[in-house]
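Peer 1: Show me how the following folds:
(2 chains)
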Amino acid sequence: MIVARPNPVSIALRDPRALPRWTFAEWEALIRQARRANLISRLAVLLDERGLLQDVPAAPRAHLRAALVVSQAQAEAVRREVAYVRKALTRIGADIVLLKGAAYLFAALPPARGRVFTDIDILVPASALAEVEAALMLHGWATTHHDPYDQRYYRRWMHELPPLLHVTRETVLDVHHAILPTTARLKPDSAKLLQASQPVAGEPGLRVLAPCDMVLHSATHLFFNEELASGLRDLADLDSLLRHFGGQAEFWQQLTARARELDLARPLYYALRYTRHILATPVPDPALKAAEIGRPPNVLNRLMDALFLRALQPDHPAAADRLTPLARRSLYVRGHWLRMPPLLLAYHLTVKAFRSEKGDAS
Amino acid sequence: MIVADLPEKELARRLAGAGLRLRTGPLVTEIRSRLTKVAEGIALHYSDYPIEASEDFADFHVRLAPPGSVRRWLRPQVTFQFDGAPPFLPLPADQAFPIMEWGLNWCVSSHCHQYLVIHAAVVERSGCALLLPAPPGSGKSTLCAGLVSRGWRLLSDELALIDPLTANITPLPRPISLKNASIDVIRAFSPDAVLGPTVRDTLKGSVAHVKAPADSVLRAAEPARPRWIVLPRYQAGVPARLERLRKGRAFMQLADSAFNYNLHGRNGFEALARVIDASDCYEFAYGDLEEAVGLFDRLATAA
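Peer 2: Model (predicted):
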């Protein structure tokens, strides 16, 4: 049994109904940490959906309202931007699969509500990559990371093109051909993901991953990433997806079977373990048991607890202990370790060390 | 309790310790600093402002401190930290008070999106607000300080907080920031105005702050209705002249001066339209502050 150190943000996400009774001091700690975790607008939506926003004292409520304005504007911006992407890619034979935030938004899934959106991520077949990039460039997207090493880093080893920046709108688009780097140890088959993807109702040409794949991608992105600054936000996405899909018959069984099939049993294990412990996500016992096939050996499991239970706190001094910086650094190294075989990683880190004064590539 | 109720030592002790919870308009900011320049600046400019208790809600937590590097002995610097993270680069230490003021403006313009936030000075008379949106160098702050010293109420020198639903303007009275030649203009125009020390060689040249009138601070909870929008332009030697500005152009000017117009979507458009509908819109060139203030006094009397 693990015990997650409680922080005000995860307590509030677990039980938004209690929020109107919180004291000013509790609200202050909550707003400060939720601001860092990009979760103020999420809390605002949870309260609003329960008709409780008006019951929050005026001073903290102003922050909730302000965050709602931002997240609504971001959702609008994502809709607009996806429309541009679709228009740019109409001549391409392949459909566009939206990932993460944009997918939640277009599929009208609960994690989209009150979410802070950043870049737009899409998945296309590797075979269409050159054509997609050419079409996007024709419509104003330009590659970033002009250094030849960075270009090679992305194009040979990564699962995405170097981020594309639109020259006039200054929006960033990540074009993926897989959900993990080509060089990563786990090898989920992108063809299977694309094949199972589902059309978005009323939006011809747009698709999203199937429910199980969406959860597995979200888990892989969170637990195999080297950067966890928004870790709790991503965990809240997972919590929201699991609560939503978990009501459907067969979902849990399909989820564990699909994780095995896609070589993603490990990230699923972490996803269920930490959503349950940090956000009290209701996961049925048989599903937990089935996910045990992804459980790491005991020593590693305990180490991961020590790392993730720290890194999944809001990135705020009040939610840190003396080991938190070490935990975040360790996960950064681990993220790289999982992405590349050791020799390649050594090469990559050496190159990066020698040019650390320039902008960071990855 | 207000800042003036605290003995000098106690103010310094709070700033160095648990922090001073300063109320400005609708916002409470917890300020921490061991720097004398910060304590002196607060004692001078914020003496009339309420202090909130530590169990009340603070919106922002800021700190002014030297950056942790060897430079502190070579050429002392100061960093503005927002809840532990610095949004800007450090500046020379003698600019501690101006950087605090800029930092407090930044807190509002980058977080308070419950309002439509416009970069403009706002003053009020008999419930009617005069908005002065303008780029730096237009003489906006000079005009604002001039009007305030002749009885107009200060709502803000920098940030017009517009309620997107009612189009009312929420006051956020804070010190007025004067630059370069304006400093002496205001000293001459209003010998009673309380000015802080002039800080030289900042990013904006020489800077001095004018203390907000006690009455404006006291009435900070009273919103005002927009009534006039005036785009000021200082031009040496020209007679003061108001020229009607087409409402469409005034709208675009206001939208251009807003920090967060893009975030408010349709509500923002409608709020701005309400502000424009309720206001007479002018362009205003002036070369003499006395003449300019007289003109606005007549405008207010006629309204």
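Peer 1: switch to C-alpha atoms for all contacts and neighbour counts from now on
Peer 2: Fine.
Peer 1: in the chain, what secondary structure element scores lowest on mean pLDDT?
Peer 2: All of this refers to chain A. helix A:342-354 (a mean of 76; mean pLDDT, DSSP states H and E).
Peer 1: my question was about chain B
Peer 2: The weakest-scoring helix or strand in chain B, judged by mean pLDDT, DSSP H and E, is helix B:71-74 (a mean of 64).
Peer 1: Show the subsequent helix or strand relative to that one.
Peer 2: Going down the chain from helix B:71-74, the next helix or strand is strand B:77-82, by DSSP states H and E.
Peer 1: which secondary structure elements does that next one contact?
Peer 2: strand B:60-65, strand B:91-92, helix B:96-111 (3 or more CA pairs under 8 Å, 6 or more residues apart in numbering or on different chains; DSSP states H and E).
Peer 1: who wins for proximity to chain A among these?
Peer 2: Nearest to chain A, of all these, is helix B:96-111, at 7.0 Å by CA to the nearest CA.
Peer 1: other SSEs contacting the closest one?
Peer 2: Helices and strands touching helix B:96-111, as assessed by 3+ CA pairs under 8 Å, 6+ apart, comprise helix B:36-45, strand B:60-65, strand B:77-82.
Peer 1: okay if I get these as a markdown table plus distance to A:Pro111?
Peer 2: Below are the helices and strands packed on helix B:96-111 laid out as a markdown table (distance: least, CA to CA, whole Å):
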| stretch | distance to A:Pro111 |
| --- | --- |
| helix B:36-45 | 44 |
| strand B:60-65 | 28 |
| strand B:77-82 | 29 |
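Peer 1: and stretch B:141-159, which residues are buried?
Peer 2: Using 16 or more other CA atoms under 10 Å in any protein chain shown as the test for burial, stretch B:141-159 gives B:141-149, B:152-159.
Peer 1: same deal with stretch B:76-85?
Peer 2: Buried, per 16+ other CA under 10 Å, within stretch B:76-85: B:Pro76, B:Gln77, B:Val78, B:Thr79, B:Phe80, B:Gln81, B:Phe82, B:Asp83.
Peer 1: of those residues, closest to chain A?
Peer 2: Nearest to chain A among these is B:Asp83, at 7.6 Å by CA to the nearest CA.
Peer 1: how close does the closest one sit to A:Ile96?
Peer 2: Distance, B:Asp83 to A:Ile96, by CA to CA, to the nearest Å: 40 Å.
Peer 1: Check A:Glu170 too.
Peer 2: Separation of A:Glu170 from A:Ile96 (CA to CA) stands at 21 Å.
Peer 1: low pLDDT regions in the chain?
Peer 2: Using chain A here. Applying pLDDT under 70 to chain A flags the ranges A:1-4, A:355-362.
Peer 1: Not quite, go with chain B.
Peer 2: Where chain B drops to pLDDT under 70, the residues are B:69-73.
Peer 1: can you give me the helices for the stretch 101-250 of chain A?
Peer 2: For the stretch 101-250 of chain A, applying DSSP state H, counting those that start in this stretch gives helices covering A:129-138, A:148-152, A:190-196, A:211-223, A:231-245.
Peer 1: which secondary structure elements does the last one contact?
Peer 2: In this structure, helix A:231-245 makes packing contacts with helix A:211-223, helix A:265-279, judged by 3+ CA pairs under 8 Å, 6+ apart.
Peer 1: Just put those helices in TSV and tack on distance to A:Leu307 and mean neighbour count.
Peer 2: Output for the helices and strands packed on helix A:231-245, formatted as TSV (distance: least, CA to CA, whole Å; neighbours: other CA atoms under 10 Å in any protein chain shown):
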stretch	distance to A:Leu307	mean neighbour count
helix A:211-223	11	23
helix A:265-279	11	22
